[in-house]
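1. Build me a structure from this.
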Amino acid sequence: MSSDRQNSLIYPVILCGGGGTRLWPRSRKAHPKPFLPLIGGRTMLQQTMARCAEPSLFAPPTLVAGADHAPLIEEQVPGLGATALIVEPAARNTAPAVALAAARLDPDAIMLVCPSDHHIADVNAFHAAAKAAAGLAHGDWLVSLAITPDRPETGYGYIKPGEPLPGGVKVERFVEKPSRELAEQFLAEGGYAWNGGIFAFRAGKLLEELARYRPDMAEAVMRSVAEGRVEGIRFHPAAEPFAAIVGESIDYAVMENTDRAAMVPAAMGWSDIGNWASLQDALPADPAGNYAPSNAELVDCQRVLAVSDGPRISVLGLSDVCVIVDGDEVLVTTRDAAPHVGKLRGASEQ
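-> Got it, this is the predicted structure:
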């Protein structure tokens with residue numbers, strides 16, 4: 001492949017962290033959300049990899065994960081190239097994870113940071129948004145794929161757009177996880193977008209901005225990479241400098257501080273599948289809004305999710321609830337309470 005051809009490709013960086021506790025009991029620490037087939041027959045990680053497999057657009061991906069989940073990745077994604085899997089020595093949130101990948105890439109490589117557990121219904125729209133974001137990233141903008149809100153969600157970051165740019169919009173302001181009142185205000189005003197958690201950066205520019213706003217983190221990451229070692233397809237950053245990092249998301253560490261933030265609107269059927277209610281919204285429903293496979297019986301129900309790995313679920317006369325059976329655990333929650341499942345003792349003890 002020519003150097004010009006390589007420079008035109010987008011380098012996916014797929015983050016495989018997180019415990020997925022809000023999808024307990026199906027998602028558990030040893031086998032969390034990215035490695036589960038929640039929508040269709042492929043796991044969320046496999047679907048993410050497939051979206052980034054178009055050879056005319058994407059270079060081979062880099063994955064970042066903890067040591068506990070590296071075997072799952074190698075099992076589910078055969079054929080990874082050499083040192084394509086960065087094994088984090090410790091969980092330190094997304095900013096250090098993204099920086100590890102950036103430090104392993106050519107400084108001029110355009111990286112597309114993708115969580116491994118999001119659902120995107122329209123892959124063509126995703127590809128179009130990725131191309132637009134890459135164009136801005138070539139100009140040293142740090143780009144977020146932005147989603148039009150359809151409810152006053154308090155679990156997402158909000159972006160206020162500013163002046164137009166070629167292929168996107170400059171970000172005027174980031175607001176991370178607002179109050180319910182503020183989220184309702186943003187929805188009523190219009191114009192605000194959700195931060196979808198998918199970013200495009202030039203690798204060198206991302207590291208420059210991290211060094212500007214979080215110099216200790218940037219220095220520790222670079223040292224960890226410099227002292228790291230290759231083992232088959234895995235790259236192991238040095239543990240000692242990495243352990244000293246204070247964990248922080250890429251949103252807080254860089255995107256909320258930089259004066260080079262931009263956004264690309266992306267109408268691509270996006271969901272972070274953050275809880276059982278949002279999973280239900282992404283699944284095909286019957287006319288009453290229910291989703292239940294063959295081992296569940298729903299009578300006079302509306303907007304009920306019923307999922308079991310074995311025992312039959314029978315639900316009569318209920319609305320807006322989720323019933324999940326997995327192994328020896330049973331979860332019953334209202335849709336409204338679904339975002340709080342991670343607070344249950346069972347989820348924390350998994």
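2. When you work out contacts or count neighbours from here on, use the C-alpha atoms and nothing else.
-> Noted.
3. In this structure, where is pLDDT below threshold?
-> Low-confidence regions of the chain, defined by pLDDT under 70, span residues 1-7, 82-83, 350.
4. That one - how does it break down into domains?
-> Domain assignment for the chain, taken from automatic domain parsing, gives 3-271, 276-349.
5. Mean neighbour count, those domains: which tops it?
-> Neighbour counts (mean count of other C-alpha atoms under 10 Å) averaged over each of the domains of the chain peak at domain 3-271, with a mean of 19.
6. what ranges do the helices span in the stretch 151-300 of the chain?
-> In the stretch 151-300 of the chain, the helices defined using DSSP state H, counting those that start in this stretch lie at 180-189, 203-213, 215-226, 239-243, 250, 276-282.
7. Columns distance to Val113 on top of those, output as CSV?
-> As requested, the helices of the stretch 151-300 of the chain are exported to CSV (distance: least, C-alpha to C-alpha, whole Å):
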stretch, distance to Val113
helix 180-189, 26
helix 203-213, 11
helix 215-226, 17
helix 239-243, 20
helix 250, 10
helix 276-282, 22
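8. Tell me which of those helices approaches Ala130 most closely.
-> Closest to Ala130 of the helices of the stretch 151-300 of the chain is helix 203-213 (C-alpha to C-alpha; 15.4 Å).
9. report the angle between the axes of the closest one and helix 215-226?
-> 140 degrees (axes from the mean of the first three to the mean of the last three C-alpha atoms, to 10 degrees).
10. Tell me the helices and strands packed up against helix 203-213.
-> Here helix 203-213 touches helix 94-104, helix 215-226, going by 3 or more C-alpha pairs under 8 Å, 6 or more residues apart in numbering; DSSP states H and E.
11. got a list of what the most centrally placed residue in the chain touches?
-> The residue lying closest to the centre of the chain (C-alpha atoms, centre = their mean) is Pro115, at 2.6 Å. Residues near Pro115 by C-alpha atoms under 8 Å, 6 or more residues apart in numbering: 14-16, 197-198.
12. try Gln280
-> Counting by C-alpha under 8 Å, 6+ apart, Gln280 makes contact with 291, 305.
13. Strands along the stretch 201-350 of the chain, start to end?
-> Secondary structure of the stretch 201-350 of the chain (DSSP state E, counting those that start in this stretch): strands at 229-231, 234-236, 261-265, 270-271, 296-299, 305-308, 313-316, 321-326, 329-334.
14. Out of the ones you listed, which is closest to Gly167?
-> strand 261-265 (7.0 Å).
15. How far off centre is that closest one?
-> Relative to its chain's centre, strand 261-265 lies at 17 Å (C-alpha atoms, centre = their mean, to the nearest Å).
16. Likewise for stretch 37-53?
-> With C-alpha atoms, centre = their mean, you get 13 Å for stretch 37-53.
17. quick one: Arg173 and Lys131, what's the gap?
-> According to C-alpha to C-alpha, to the nearest Å, Arg173 and Lys131 sit 23 Å apart.
18. quick check: angle from the helix ranked longest in the chain to helix 203-213?
-> Longest helix of the chain, by residue count under DSSP state H: helix 123-138. Using the same axes, to 10 degrees, the inter-axis angle of helix 123-138 relative to helix 203-213 is 60 degrees.
19. Excluding its own residues, what touches helix 123-138? List them.
-> Residues outside helix 123-138 that contact it (C-alpha under 8 Å, 6+ apart) are 10, 51, 57, 110, 112, 120, 142-145, 166-168, 199-202, 262-268.
20. what about the strands in the stretch 1-150 of the chain?
-> Using DSSP E, counting those that start in this stretch, strands in the stretch 1-150 of the chain cover 10-15, 62-66, 85-88, 110-115, 119-120, 142-147.
21. Relative to Asp336, which of these is closest?
-> Nearest of those to Asp336, taken as C-alpha to C-alpha: strand 119-120 at 20.6 Å.
22. Quick one: list the elements packing against that closest one.
-> For strand 119-120, the packing partners by 3+ C-alpha pairs under 8 Å, 6+ apart come out as strand 270-271.
23. Glu248 contacts Val98, doesn't it?
-> No - using C-alpha atoms under 8 Å as the test, Glu248 is too far from Val98 to be in contact (11.0 Å).
24. Once you drop chain neighbours, what's closest to Ser308?
-> Spatial nearest neighbour of Ser308, chain neighbours left out: Val325 (4.5 Å); criterion: C-alpha to C-alpha, 6 or more residues apart in numbering.
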